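Asker: Fold the following.
(chains A and B)
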Amino acid sequence: MENFQYILPEIFISVSIMLFLLIGVFKKNSANLIYNLSTISLVILLALIINLSSFNKIYLFNNSYLIDNLSNYMKIILVGSGIFVMLTGSRYVQVINLNKIEYPILILSCTLGMMIMISSNDLIVFYMGLELQSLALYVLASFNRDNLLSTESGLKYFVLSALSSGLLLYGCSLTYGFSESTNFDQILTNSTEFNYGTTFGIVFILVGLAFKISAVPFHMWAPDVYQGSPTSVTLFFAILPKIAALSVFIKFLYTPFANMNDQWQTIIVLISIASMIFGAVAAIGQKNLKRLIAYSSISHMGYALAGLATVSNQGIQSSITYISIYLVMNLAFFSCLFMLKRNDKYYENIEDLSGLSKKHPILSFSLLIVLFSLAGIPPLAGFFAKFYVFLAVIEQSMYFLAIVGLLATVVAAFYYLRIIKIIYFDPEKEEYETSHNLGLKITLAISTIFILAYFIYPSSITEIVSKITMI
Amino acid sequence: MNFPILSSLILLPTIGALFILFSKSSSGKYQSSKYVALFISLANFLLSIYLWYVFDKNSVVFQFVENREWLSGFINYKVGIDGISILFVILTTFITPICIISVNATITNRLKDFLIAILIMETFMIGVFCSLDLVVFYLFFEAGLIPMFLIIGIWGGERRVYSAFKFFLYTLLGSVLMLVAIISIYWITGTTDVEKLYELGIKAEYQNLLWLAFFSSFAVKTPMWPVHTWLPDAHVEAPTVGSVLLAAILLKMAGYGFIRFSIGLFPIASENFTMLVYILSLIAIIYTSLVALMQEDMKKLIAYSSVAHMGFVTLGIFTMTQQGIEGSIFQMISHGLVSAALFLSVGVVYERNHTRLINKYGGLVSIMPRYAIVFMVFTLGALGLPGTTGFIGEFLILMGAFEKNILVAMIASLGVILGAAYMLWLFKRVVFGEINNQELKSMKDLKTFEIITLSALVIPILFFGFYPEPLMNSIEASVENTLNMYNFDLINNLASKD
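Answerer: Numbers count the residues shown, from 1 in each chain, chains lettered A, B, ... in the order given. Down below sits the predicted model:
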């Protein structure tokens, strides 16, 4: 029984979900209440996880569940960004009429699924967590059901995601078949010799995971889903599933398949290079900001994967640092998007930003900072994210990957500059509303200051992350 | 010296920028912001003069070094100056107040943002010249792109967007390879601290590739032929003050980088690639001078002349002689003053007549006599007449070149003649001759603030032209030290091969 104290966060969030569901059913018009309660419960959840973070490595439930530094850190940034997602979106969901009780509950269950994924140490537990988060995401993507694009994106995501889950499951069964266990550590000890079965297993599992993280060539869903989903859900899509998928990537590559790195290293390098280049090139022609950020996130995932391809602790840590900075940049970017509101309508095309700097200097300045940071220009946080990744990549003498990656940043710089050009150089359009909810303002302020001032103390994240060692 | 004087120099403009950012102006004219900016930049200038005063000119080690832990465990924030960098720091702090005074003439909208951009720019520029760590250097070097991009893009001319993008992407493309090289150096030697790297040295087998990676960045920034094409565009479209900053200081970052990093860190590779640099420099000198002859637009003409002048600089640096390198540094300082002055002079007439086309002008000497005088001084400075700073730089560079390679020196000397040709022809067409354009008659002579800024530039150009000793004193020991290290490394390398 004493095991339960270690999964107190998971238990707490499950109980909250059920409780909120009950409240929602029995109390009329309780959408706002549940939204706020969910935000509060996420805060409590964060506190519970931080409380547990002193434990170094704890196996639970017959070694199928693992609490370690990796899972703790990932859960903290997961739930932390979850709180900010709730805070920034609160006005948005009211304005476009998404404020139903299911919305926050789905977000909570999705978070729960991701937490299980992050902590799983067993194929079955992992798959359970994955499906819980996927099912919640399908519904969230099509949550704005009166909107054609939203419905389409939900359906598209469902079909493609189900396919990838199938592949993943197939990979899991192959792995199980050839290594005689579903437990990650057991798979590692059983798969010392090369065999085709496990190799195929790895490939299928990587395909499934690459889909979740939207890496090329499994990225097809991302632009449509990003564009079609309500913006608050897009923000959720842009951050939380990426954190979960990246930590599962780390887990798979460095626990059960750690001995097989000669098998998967090339795959990761190729996926990474393809994502960096494709994400940079395809974003150039985009007109919709959400679609553009989808391509941008594809290329960012390429950089995060580049760190994983190095087979070194330094590389893993750099990837985790990357995703931590990436999520702050996305929070800031979407906070700016939420501010493009006029007469209860949200604007999301690049053209709508035209001449924004004249009437909204602070908002434009934040966007400027975020965009230059996304492009990886020093001294902003995005530069350090890339710097750490390339530091790890070059340590392993993977010069080709480093040079391609850096050249892709130059291409990517072009489309970020294009947005800045529209904000700063183009003639102005109508003014946007200036009154926003407090949560949104706070999020934007915190994230912008973080990006801007990161260079003063650039080891802040690395010092925490350096505790995470997998090899 | 416990007081962090260099960090104060770097940070002071940023603090001023923040102050301007948060101060409100009721009138909307931002006159007070301008005074704040001017005050801050003058204070910075005085601070740098004080720095020059307390600076020990005979010492070859880096002075006022500050070393703080920054990226925990492996990269330190390290700044310090020697006889070479101090001149560039002073050039920066000297040009910035001039820019701020001349802001009035050209910038009509968003004055406040413009002042902030200039001050932030100053921080980055001083940072580049002070940093003694490759990563810190890269940070400042790249960060300068952001304010310059905005300066060209927001306050520029008609094709500003194209020019701003070209400027940004060219420079970024050059620089990313340098980042790869810097990280590689870290893994090869275990440090990015420039002083330590000087001691440790980098193995000969790595030097060629690393040199090329650094070269790709510096060649774009210098700019050398054939990657110079961003410069004329950027200059033409940038507002006057932007052109001044670009020509006077930004271009010098690369020349400084060549001396500090290419020669200092990769002596063997520098020796290997000397011929490449000679050829590119000669093409830059001859070809861009010819191009400059044919320009219709005054700013474009001066921009091409900048490429030619920077060709002399790279040529001088890679002669690896005391005279050549000293001449290059002198030429960079001189070009910083002269090109700044020329762009301001063009700005003066542009502001009055709203055109930069040479054939719209003529006969200004009878309308604006004072302007004609200062413009003449700058023209003569640009073509290198004895008695101006331009002469000393070019003379020393050619002396160094003659010592190493007579053919190269002779071709480069042709550039001096061409330089005289295009500058004098420009002067003749603009200042002398008949007044063909009737609109010119209403033009007024120099205003007070223009007299201040232009005479502030005339004085050092003539003073150091006649009496270069103070500048030469400052760089002599450091250049000698750089060359000693360079030759020492070369001999060691030859010895190890035998």
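
Asker: How many residues are close by B:Ala372?
Answerer: Neighbour count for B:Ala372, taken as other Cβ atoms under 10 Å in any protein chain shown: 18. C-beta coordinates here come from the backbone N, C-alpha and C atoms, glycine included.

Asker: what is the rounded mean pLDDT of the helix or strand hosting it?
Answerer: Secondary structure from DSSP states H and E places B:Ala372 in helix B:369-383. What helix B:369-383 shows for mean pLDDT is 87.

Asker: Following element in sequence after that helix, please.
Answerer: By DSSP H and E, the next helix or strand past helix B:369-383 is helix B:389-404.

Asker: just how off-centre is the helix ranked longest in chain A within its chain?
Answerer: If you go by DSSP state H, chain A has its longest helix at helix A:148-179. Relative to its chain's centre, helix A:148-179 lies at 18 Å (Cα atoms, centre = their mean, to the nearest Å).

Asker: If we go by neighbour counts, what in that helix is buried?
Answerer: Across helix A:148-179, burial judged by 16 or more other Cβ atoms under 10 Å in any protein chain shown covers A:150-154, A:156-158, A:160-161, A:164-165, A:167-172, A:174-176, A:178-179.

Asker: For that helix, name the packing helices and strands.
Answerer: helix A:123-141, helix A:184-190, helix A:196-213, helix A:221-228 (3 or more Cβ pairs under 8 Å, 6 or more residues apart in numbering or on different chains; DSSP states H and E).

Asker: Contact residues of the stretch 1-150 of chain B facing chain A?
Answerer: B:70-73, B:113, B:135, B:138-139, B:142-143, B:145-146, B:149-150 (Cβ under 8 Å from any Cβ of the partner chain).

Asker: and if we set it to 6 Å?
Answerer: Taking Cβ under 6 Å from any Cβ of the partner chain as the contact definition, the stretch 1-150 of chain B meets chain A at B:Leu71, B:Ser72, B:Leu139, B:Glu142, B:Ala143, B:Ile146.

Asker: Settle this for me: the fifth one is touching A:Pro379, isn't it.
Answerer: Think B:Ala143. Yes - here B:Ala143 reaches A:Pro379: they are 5.1 Å apart, a contact under Cβ atoms under 6 Å.

Asker: what's A:Thr199 in contact with, if anything?
Answerer: A:Gln263 (Cβ atoms under 6 Å, 6 or more residues apart in numbering or on different chains).

Asker: again, only using 10 Å
Answerer: A:Leu174, A:Thr175, A:Phe178, A:Ser191, A:Phe257, A:Met260, A:Gln263, A:Trp264 (Cβ atoms under 10 Å, 6 or more residues apart in numbering or on different chains).

Asker: hmm, whichever strand or helix holds B:Ile188 in reach of chain A?
Answerer: In the assignment (DSSP H and E), B:Ile188 maps to helix B:160-189. Yes - counting by Cβ under 10 Å from any Cβ of the partner chain, chain A is contacted by helix B:160-189 at B:160-161, B:164-165, B:168-188.

Asker: Make TSV out of the contacts of A:Thr199 and add distance to B:Phe330.
Answerer: Below are these laid out as TSV (distance: Cβ to Cβ, whole Å):
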residue	distance to B:Phe330
A:Leu174	72
A:Thr175	70
A:Phe178	73
A:Ser191	68
A:Phe257	62
A:Met260	62
A:Gln263	61
A:Trp264	58
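
Asker: Hmm, which of the residues you listed is lowest in pLDDT?
Answerer: Comparing the contacts of A:Thr199 by pLDDT, A:Ser191 comes last, at 79.

Asker: is it true that that one touches A:Asn183?
Answerer: No - under the criterion of Cβ atoms under 10 Å, A:Ser191 makes no contact with A:Asn183, lying 12.0 Å away.

Asker: Need the overlap of contacts for the two.
Answerer: A:Pro256.

Asker: where does the chain have low pLDDT?
Answerer: Chain wasn't specified; assuming chain A. A:1-2 (pLDDT under 70).

Asker: other chain: chain B
Answerer: Using pLDDT under 70, chain B drops low at B:1-2, B:24-30, B:105-106, B:497-498.

Asker: which stretches of the stretch 1-150 of chain A form strands?
Answerer: Assigned by DSSP state E, counting those that start in this stretch, the stretch 1-150 of chain A shows strands spanning A:57-60, A:65-68.

Asker: what's the most buried one of those?
Answerer: strand A:65-68 (a mean of 21; mean count of other Cβ atoms under 10 Å in any protein chain shown).

Asker: elements contacting that strand?
Answerer: strand A:57-60, helix A:102-119 (3 or more Cβ pairs under 10 Å, 6 or more residues apart in numbering or on different chains; DSSP states H and E).

Asker: Would you mind putting the CA coordinates of the shortest one into CSV?
Answerer: Looking back up the chat, that one is strand A:57-60. What follows is strand A:57-60, C-alpha atoms only, in CSV (Å, rounded to 0.1, in the frame of the first residue of the first chain):
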residue,chain,number,x,y,z
LYS,A,57,14.4,6.3,-8.9
ILE,A,58,11.4,4.4,-7.7
TYR,A,59,9.9,1.4,-9.4
LEU,A,60,6.2,0.7,-8.7
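
Asker: Excluding chain neighbours, what is closest to the closest residue to chain A within the stretch 101-250 of chain B?
Answerer: The minimum distance from the stretch 101-250 of chain B to chain A, using Cβ to the nearest Cβ, falls at B:Val176 (3.8 Å). Setting aside the residues directly before and after it, B:Val176 is nearest to A:Leu406 in space (Cβ to Cβ, 6 or more residues apart in numbering or on different chains), at 3.8 Å.

Asker: That neighbour touches B:Ile182, doesn't it?
Answerer: No - between A:Leu406 and B:Ile182 there is no contact, the gap being 11.4 Å when judged by Cβ under 10 Å.

Asker: For those two, list the residues in contact with both.
Answerer: A:Phe390.

Asker: quick one, what contacts whichever residue of the stretch 101-250 of chain A sits closest to chain B?
Answerer: When scored by Cβ to the nearest Cβ, the stretch 101-250 of chain A has A:Val216 as its residue closest to chain B, at 20.9 Å. Neighbour list for A:Val216: A:210, A:222, A:270-279, A:282, A:298-299, A:301-302 [criterion: Cβ under 10 Å, 6+ apart].
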